[in-house]
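*Asks:* here is my input, please return the structure:
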Amino acid sequence: MARLMAFDYGSKRLGIAVTDPMQMIANGLTTIHPKDIISFLKTYLQTEQVEAFIVGQPKQMDGSASQSAPLVNAFVNLLKKNFPDIKVEMVDERFTSKMASAVIAQSGMSKKAKHNKALVDTISATIILQSYMEQKSLF
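*Replies:* Residues are numbered from 1 along each chain as shown. Have a look, this model is predicted:
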């Protein structure tokens with residue numbers, strides 16, 4: 001089987017998480033600048049198979065699109081254009097940053113780690129991926 005890869009998109013950082021090849025466990029991979037994503041993925045895909053890209057869909061509390069939705073949609077289009085054979089799916093990302101901060105706080109990490117925004121983004125991507133995997137298993 002191929003991996004699933006999830007993204008927590010931000011204009012400054014892009015959190016990335018992947019599953020194992022059996023798609024059982026979601027793990028944080030890295031955080032990179034959005035401008036570097038295509039070259040990163042081209043290199044990554046030379047050694048790993050990815051079945052689907054899962055992108056966090058930013059929404060307001062009422063379910064409407066957030067202000068960052070156009071940026072995320074442009075990112076999705078970039079993925080589809082550069083990797084047409086890999087499906088792209090969206091997952092509601094409301095609360096993932098708060099959940100990621102809570103995970104860090106409960107982990108006993110240092111105060112410095114708790115304020116590491118790159119770590120928050122990577123954990124957010126992991127939560128997005130885990131949420132997708134749980135939804136997928138329900139059907």
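*Asks:* which stretches in the chain count as strands?
*Replies:* For the chain, the strands defined by DSSP state E occupy 3-9, 14-19, 26-32, 50-57, 87-92.
*Asks:* let me have these in a markdown table, extended by mean neighbour count.
*Replies:* C-beta coordinates here come from the backbone N, C-alpha and C atoms, glycine included. What follows is these, written out as a markdown table (neighbours: other Cβ atoms under 10 Å):
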| stretch | mean neighbour count |
| --- | --- |
| strand 3-9 | 25 |
| strand 14-19 | 25 |
| strand 26-32 | 19 |
| strand 50-57 | 21 |
| strand 87-92 | 16 |
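*Asks:* might you list the low-confidence residue ranges for this protein?
*Replies:* Residues of the chain that meet the criterion pLDDT under 70 lie in 59-61, 63-66, 94-116, 138-139.
*Asks:* what about the longest helix in it?
*Replies:* The residue-count maximum for a helix in the chain (DSSP state H) belongs to helix 117-138.
*Asks:* check contacts around the closest residue to Lys117 other than its chain neighbours.
*Replies:* If the residues on either side of it in the chain are set aside, Lys117 comes closest to Arg13, at 6.6 Å by Cβ to Cβ, 6 or more residues apart in numbering. Contacts for Arg13 (Cβ atoms under 8 Å, 6 or more residues apart in numbering) come out as Thr31, Ile32, His33, Pro34, Lys117, Ala118, Asp121.
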